[in-house]
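Asker: The following block contains a protein sequence and its predicted model.
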Amino acid sequence: MGAIEAETMLLVGMFLAVGAGALSFLSPCVLPIFPAYMSYITGISVKELQGDQDRKIRRQLLSHSFFFLLGVSLVFVSLGASASFLGQWAQNLLIGDTGLLIQRIAGIFIIFMGLFVAGWISIPALMKERRLHYSKKPAGFLGTFFVGLGFAAGWTPCIGPIFGSILLLAATNPGQGVFYTIFYVIGFALPFIILTFFLGSTKWIVRHSGVIMKVGGVLMVVMGLVLFFGLMPRISAFLLDLIQDTWMSRLG
């Protein structure tokens, strides 16, 4: 595999990771409680947050969002680094074409998780509530940071299958695993920041969350099949040829 093709594979993986992060945030387990979380960490009522926000409220929302996402990112990226290490360890320990074996195991897992996310199969072990609950308001930005840590460490059932798929993707590509989790965090953070200032829009998205999750589940199944059959290099080569042909036609 050439260097350019490897870079194309990395870009495809990063694009998928961003999509997975956004899907995690937009899931029915996270989005409906988002206004309550923002109210909790800022001390501003949900009614005020969903109304017209002045500059002071927006600044407060942005500041607390930063520290919350910092806590979330620390946990997610640490798990991604651990998955990369374990993937590299497995490849060094086992004999034979372990890369393909790990990819196929990851593919099967992602297929099942995609079916679960889409709501077509039920996995009782993943239906249990794992979010942490707090009885007192956190103390300022430090408290918000720890709420982010707790949220990520006890992620909800919808996040678990999606992020678990990213971790397995990281394990199949140990050298790029941390990048996948970083872009997963970016995908999670983008809608988080945007909807922080448009909390009223969350109701509309929640009403269509079922469709969003089904589309995301289908994409996860497709990604699982791609990994299982080892099609990522072919897809990357196709995209690379397509990009090169486009540039050549423009230059010509």
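Answerer: Good, I have the coordinates. These figures come from a predicted structure and were not determined experimentally. Numbers count the residues shown, from 1 in each chain.
Asker: Could you check how far the lengthiest helix in the chain is from the centre of its chain?
Answerer: Determined from DSSP state H, the single longest helix within the chain is helix 55-93. With CA atoms, centre = their mean, to the nearest Å as the basis, helix 55-93 stands 10 Å off its chain's centre.
Asker: which helices and strands does that helix pack with?
Answerer: helix 34-42, helix 46-50, helix 98-117, helix 140-153, helix 159-172, helix 177-196 (3 or more CB pairs under 8 Å, 6 or more residues apart in numbering; DSSP states H and E). Yep, even glycine has a C-beta here, placed from its N, CA and C like the rest.
Asker: for this structure, which spans come out with low pLDDT?
Answerer: Residues of the chain meeting the criterion pLDDT under 70: 1-9, 91, 93-99, 124-139, 155-158, 200-201, 236, 239-240, 243-245, 247-252.
Asker: closest one to residue 210 among the helices and strands packed on helix 55-93?
Answerer: helix 98-117 (11.1 Å; CB to CB).
Asker: Can you tell me which of the helices and strands packed on helix 55-93 is packed in deepest?
Answerer: Ranked by mean neighbour count under mean count of other CB atoms under 10 Å, these are led by helix 159-172, which reaches a mean of 25.
Asker: residues of stretch 194-211 that come out buried?
Answerer: Neighbour counts using 16 or more other CB atoms under 10 Å place 195-196, 199, 202, 205, 209 of stretch 194-211 among the buried residues.
Asker: okay, now residue 241: neighbour count?
Answerer: 12 (other CB atoms under 10 Å).
Asker: Before I go, just wanted to say thanks for your time.
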